[in-house]
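Undergrad: Sharing a model that was predicted from the sequence below.
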Amino acid sequence: MVVGSLEIDILIPGSQNLKEKRKIVKSLKDKVRAKFNVSICEVDFHEKWQRALIGISCVNSKRKEIEIIFEKIKNLIRGNGEVVVIREIGNFFYIKS
């Protein structure tokens, strides 16, 4: 079994307050969750109104499948006009049963 984790650090330049930021982040999370069936949440910068760190995780029997899903997720987020991606960090863990 392979567990993949992806952190995406984003800037939200159009956000003027926490309410706007949370609306944008929630919309982004809902889209990713619905389209790719992964676990996703905001993991840092909760009180910063123009920045968010998004954590995503996925489990599969093949690393390549997770890599494909993560690439599609990164493209979806990069294509969102409301955010700018600062950095992306992916990790993979192998678990033997």
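TA: Structure's in. What do you need? Numbering: from 1, shown residues only.
Undergrad: who's the spatially most central residue of the chain bridged to?
TA: Against the mean C-alpha coordinate of the chain, by C-alpha atoms, centre = their mean, the closest residue is residue 54 at 4.4 Å. Counting by DSSP bridges, residue 54 forms beta bridges with residue 8, residue 42.
Undergrad: Test my guess that it contacts residue 31.
TA: No - contact criterion C-beta atoms under 8 Å: residue 54 and residue 31 do not qualify, at 11.7 Å. (Each C-beta comes from the backbone N, C-alpha and C, glycine too.)
Undergrad: neighbours of the residue nearest to residue 51 when sequence neighbours are not counted, just the number please.
TA: With sequence-adjacent residues excluded and distances taken as C-beta to C-beta, 6 or more residues apart in numbering, residue 51 is closest to residue 45, at 4.4 Å. By the criterion of other C-beta atoms under 10 Å, residue 45 has 18 neighbours.
Undergrad: cool, and residue 96?
TA: With other C-beta under 10 Å as criterion, residue 96 counts 4.
Undergrad: Check the secondary structure at it for me.
TA: Under the three-state scheme (DSSP: H, G, I helix; E, B strand; the rest coil), residue 96 adopts coil.
Undergrad: Can you read off the pLDDT for the spatially closest residue to it that is not a sequence neighbour?
TA: Once flanking residues are discounted, residue 96 sits nearest to residue 1: 7.8 Å by C-beta to C-beta, 6+ apart. Confidence at residue 1, expressed as pLDDT, is 91.
Undergrad: Numbering from 18 from now on, please.
TA: Will do, 18 is the new start, and the previous item becomes residue 18.
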